[in-house]
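A.B. asks: here is a sequence together with a model predicted from it:
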Amino acid sequence: MVRLVLVFFYFSLFKYLFLIICSPLFSYLSERTEALIEGKEYTFQFDQLMKDSARGIRLALRNSLWQTVYTVSILILSFFPLAAGSRR
């Protein structure tokens with residue numbers, strides 16, 4: 001049972017790990033896409049890339065924390081029956 005819960009946590013948090021690792025690439029691709037759509041030329045700025053990457057990492061960490069809080073809360077609540085039958 002514990003192993004199953006750990007595997008669930010691994011797969012549920014893996015997407016955030018992927019977002020954290022790929023955040024710099026996604027930031028750059030977003031800037032390039034915006035440049036193509038709007039027809040403007042954006043110069044590459046390493047400082048802006050780092051700011052965007054840090055923002056992406058903060059968002060992914062915050063979202064993974066909230067997902068963990070909600071998942072653990074639901075797991076704990078699942079051990080308590082809400083509508084137990086009354087015995088007379």
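C.D. replies: That came through fine.

A.B. asks: quick one, phi/psi of T43?
C.D. replies: Dihedral angles phi and psi of T43 (degrees, to the nearest 10) take the values phi -80, psi 150.

A.B. asks: what about it, distance to V69?
C.D. replies: In this structure, T43 and V69 are separated by 41 Å, where distance is defined by C-beta to C-beta, to the nearest Å. Just so you know, the C-beta spots here come from the backbone N, C-alpha and C atoms, and that holds for glycine as well.

A.B. asks: the two: who's more crowded?
C.D. replies: Shown here are T43 and V69; by other C-beta atoms under 10 Å, V69 has more neighbours (10 against 6).

A.B. asks: residues in contact with that one?
C.D. replies: Applying C-beta atoms under 8 Å, 6 or more residues apart in numbering, one finds that V69 lies in contact with no residue.

A.B. asks: in the helix or strand hosting A60, what counts as buried?
C.D. replies: Taking DSSP states H and E as the definition, A60 sits inside helix 46-77. Within helix 46-77, the residues that qualify as buried by neighbour count (16 or more other C-beta atoms under 10 Å) are L49, D52, S53, G56, I57, A60, S64.

A.B. asks: output those residues in CSV, with distance to V5 and pLDDT appended to each entry.
C.D. replies: What follows is the buried residues of helix 46-77, written out as CSV (distance: C-beta to C-beta, whole Å; pLDDT from 0 to 100):
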residue, distance to V5, pLDDT
L49, 37, 81
D52, 34, 82
S53, 32, 81
G56, 28, 83
I57, 26, 85
A60, 22, 87
S64, 16, 87
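
A.B. asks: as CSV, the residues you listed with distance to S73 would be great.
C.D. replies: Formatted as CSV, the buried residues of helix 46-77 follow (distance: C-beta to C-beta, whole Å):
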residue, distance to S73
L49, 36
D52, 32
S53, 31
G56, 26
I57, 25
A60, 20
S64, 15
